[in-house]
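Undergrad: Fold the following for me, if possible:
(4 chains)
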There are 2 protein chains.
Amino acid sequence: MPAAAYDIATSRPDAAPEFSPRQQVVLQHALTLLVEGGEKALTTAGLARTASCSKESLYKWFGDRDGLLAAVVAYQASQVQFPSETGATADAATFRAHVTAFVEALLGVLFSETSLALNRLSIGQSNTNSNRLGHLLLVRGKHMISARARTMLESGRRHGLLKFDDAEDAYQVLYGLAIRDVHIRLLLGENASPAEKDLASQAETAVDRFYRLFGA
Amino acid sequence: MPAAAYDIATSRPDAAPEFSPRQQVVLQHALTLLVEGGEKALTTAGLARTASCSKESLYKWFGDRDGLLAAVVAYQASQVQFPSETGATADAATFRAHVTAFVEALLGVLFSETSLALNRLSIGQSNTNSNRLGHLLLVRGKHMISARARTMLESGRRHGLLKFDDAEDAYQVLYGLAIRDVHIRLLLGENASPAEKDLASQAETAVDRFYRLFGA
DNA sequence: GCCGAACCGTACCGTACGGTTCCGTTCATT
DNA sequence: AATGAACGGAACCGTACGGTACGGTTCGGC
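TA: Just a heads-up that it's a prediction; the model follows:
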């Protein structure tokens, strides 16, 4: 029986520390390797060399390679923070600005090399194992963001600024208007066009169209 | 120097036969293996066994494993056919029906297990090699569809049914409204909800919103 | 100053898989 | 019937990598 692997399925999403500082440093190295060279660049020997730790420690901390990958995903997810939304529905203009800021932050996260590398990793493994990484990314990433967005949109509806039946549906439309097919194209290795790199105006346009569909 | 690999970079996108019947059978087996078990399930030995051919033939036909993967992508791309659009802008109603049919076909392709497996494969390899598969999928898949869509939308504009400045931009919005985040969620291994499986009504809703943004 | 836990570095093992080679068979052409 | 290209089948090799074991070192607690 090996040492206890890092089992993400049983860990609470809000567990705060989760990794020791030393482990976080190692995970950051792992993330760097992943971003630079894709999954195949992240070997246990390579990580041990890069992070100046022993393979034995890696296996002690994370159980096996899958546990390491899960830990990397969990670690990165814990790093992503969206701006707070305190008092964001004061009036129509600030609420709309807040929605725009949310979309811009969403674009910033999804189009970052780190997020792309992690998505590529999870997708590449999504039909091999029992799909742990994909679920992990969805639960700790997308679903969290989606919940955040729904409360924001519902707040707008309560204040009479937006009109829709299903908050999830409305959020999906906002997502689609903002992301379009850029995400999948970036995942496939295409470079973003200059216009697509201007996240602020991309968010602006998306929110404009969103208001034309769901504005009160 | 090995035998000439299948070099997709130099082959014309409209080259018709491209693979012998025997090779197509083998590629279909490869596709099945990919859909069932992901990339790691497609080994040269496994494919040779499944397709009752020799590894020597595989290497003779496709050069190396990368050539095989590229051939699988090219083969599948050649299989996808969209409905013709002859006389589709006769009047407003039939044009809109045609747009809806296009969106439904797009959803049908993108959400098929075959397409998902190929996208997973290409994405998984997108930062290892010089990114051949990703480019291949983009060029033979997305860009072809995008071109088709643009001519369709521009035809609608010429007939005064739609209003937009940039056809590419309009198509991207249509894509976003239809796909939202379903594609990435499926790629990550999540199952589509019953509503998301009803491609017809999904397409209907998307086109409805599209017309509210771009209808003349 | 001693002890044990944690850890680094490295050597090692087993295996899976890409790629090569050889041989026997089939089959079309002459 | 003879011949040779095309191909199936199987054995083989090299290597990369996951995983393990072990000796040596650092460091905090008593």
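Undergrad: if I look at A:Leu31, how far off is DNA strand D?
TA: As judged by CB to the nearest atom of the strand, to the nearest Å, A:Leu31 and DNA strand D stand 16 Å apart. Bear in mind the C-beta positions are built from the backbone N, C-alpha and C, glycine included.
Undergrad: While we're on that residue, how confident is the model there?
TA: As predicted, A:Leu31 sits at a pLDDT of 97.
Undergrad: Where does it sit, in terms of helix or strand?
TA: Here A:Leu31 sits within helix A:21-37, counting by DSSP states H and E.
Undergrad: which strands and helices sit next to the helix or strand that that helix is followed by?
TA: Sequence order places helix A:44-51 as the next helix or strand after helix A:21-37, per DSSP H and E. In terms of contacts (3 or more CB pairs under 8 Å, 6 or more residues apart in numbering or on different chains; DSSP states H and E), helix A:44-51 is packed against helix A:21-37, helix A:55-62, helix A:65-79.
Undergrad: Out of the ones you listed, which is closest to B:Ala48?
TA: helix A:65-79 (27.9 Å; CB to CB).
Undergrad: wait, does that closest one contact chain B?
TA: No: applying CB under 8 Å from any CB of the partner chain, one finds helix A:65-79 separated from chain B by no less than 11.2 Å.
Undergrad: residues making contact with that helix?
TA: A:5-8, A:11, A:18-19, A:23-24, A:27-28, A:30-31, A:34, A:42, A:44, A:47, A:58, A:61-62, A:114-115, A:118, A:121-122, A:125, A:129, A:132-133, A:136-137, A:140-141, A:144 (CB atoms under 8 Å, 6 or more residues apart in numbering or on different chains).
Undergrad: and the residue nearest to A:Arg140 when sequence neighbours are not counted, how many residues sit next to it?
TA: Nearest residue to A:Arg140 in three dimensions, chain neighbours excluded: A:Ala77, at 3.8 Å (CB to CB, 6 or more residues apart in numbering or on different chains). For A:Ala77, the count of nearby residues is 18 (other CB atoms under 10 Å in any protein chain shown).
Undergrad: And for the closest residue to A:Trp61 other than its chain neighbours, the neighbour number?
TA: Once flanking residues are discounted, A:Trp61 sits nearest to A:Gln23: 5.7 Å by CB to CB, 6+ apart. A:Gln23: 20 surrounding residues under other CB under 10 Å.
Undergrad: Wait, A:Gln23 touches A:Leu58, no?
TA: No: the criterion here is CB atoms under 8 Å, and A:Gln23 misses it with A:Leu58 at 9.6 Å.
Undergrad: near DNA strand C, which residues of chain A show up?
TA: Counting by CB under 7 Å from any atom of the strand, the residues of chain A close to DNA strand C are A:Ser20, A:Arg22, A:Ala48, A:Ser52, A:Cys53, A:Ser54, A:Lys55, A:Glu56, A:Ser57, A:Lys60, A:Trp61.
Undergrad: Show me which pair in the residues you listed is furthest apart.
TA: Across the residues of chain A next to DNA strand C, the longest distance by CB to CB is 17.6 Å; it joins A:Ser20 and A:Lys55.
Undergrad: So which residues of chain A form helices?
TA: A:21-37, A:44-51, A:55-62, A:65-79, A:92-110, A:113-124, A:132-137, A:143-158, A:167-179, A:182-187, A:194-197, A:199-214 (DSSP state H).
Undergrad: how about the ones you listed in CSV, adding distance to B:Ser84?
TA: As requested, the helices of chain A are exported to CSV (distance: least, CB to CB, whole Å):
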stretch, distance to B:Ser84
helix A:21-37, 44
helix A:44-51, 52
helix A:55-62, 54
helix A:65-79, 44
helix A:92-110, 36
helix A:113-124, 33
helix A:132-137, 37
helix A:143-158, 38
helix A:167-179, 27
helix A:182-187, 26
helix A:194-197, 32
helix A:199-214, 31
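Undergrad: Check the ones you listed for me: which has the lowest mean pLDDT.
TA: Among those, helix A:132-137 carries the lowest mean pLDDT (a mean of 89).
Undergrad: how about A:Arg158, what does it touch?
TA: A:Thr89.
Undergrad: Would you check that A:Ala192 makes contact with A:Leu186?
TA: Yes: with contacts counted by CB under 8 Å, A:Ala192 reaches A:Leu186, the gap being 6.3 Å.
Undergrad: so what sits against both of these two?
TA: Counting by CB under 8 Å, 6+ apart, the residues touching both A:Ala192 and A:Leu186 are A:Phe111.
Undergrad: More neighbours: which of the two?
TA: Taking other CB under 10 Å, A:Ala192 and A:Leu186 do not tie; A:Leu186 has more neighbours (24 against 14).
Undergrad: count of neighbours near the spatially closest residue to A:Leu162 that is not a sequence neighbour?
TA: The spatially closest residue to A:Leu162, leaving aside those adjacent along the chain, is A:Gly156, at 4.1 Å (CB to CB, 6+ apart). Here the count is done by other CB under 10 Å, and A:Gly156 has 25 residues near it.
Undergrad: Quick check: A:Gly156 vs chain B, distance?
TA: 18 Å (CB to the nearest CB, to the nearest Å).
Undergrad: Check the separation of the first and last residues in stretch A:85-101.
TA: Terminal residues of stretch A:85-101 are spaced 10 Å apart (CA to CA, to the nearest Å).
Undergrad: actually stretch A:103-117, sorry about that
TA: 21 Å.
Undergrad: ok, the residue nearest the centre of chain A to A:His135 distance?
TA: Nearest residue to the geometric centre of chain A (CA atoms, centre = their mean): A:Gly141, 4.3 Å. Applying CB to CB, to the nearest Å, the value for A:Gly141 to A:His135 is 11 Å.
Undergrad: which residues do these two both contact?
TA: When contacts are counted by CB under 8 Å, 6+ apart, the set common to A:Gly141 and A:His135 is empty.
Undergrad: Can you tell me the closest non-neighbouring residue to A:Leu137?
TA: Among residues not flanking A:Leu137 along the chain, A:Ser122 sits closest, at 4.6 Å (CB to CB, 6+ apart).
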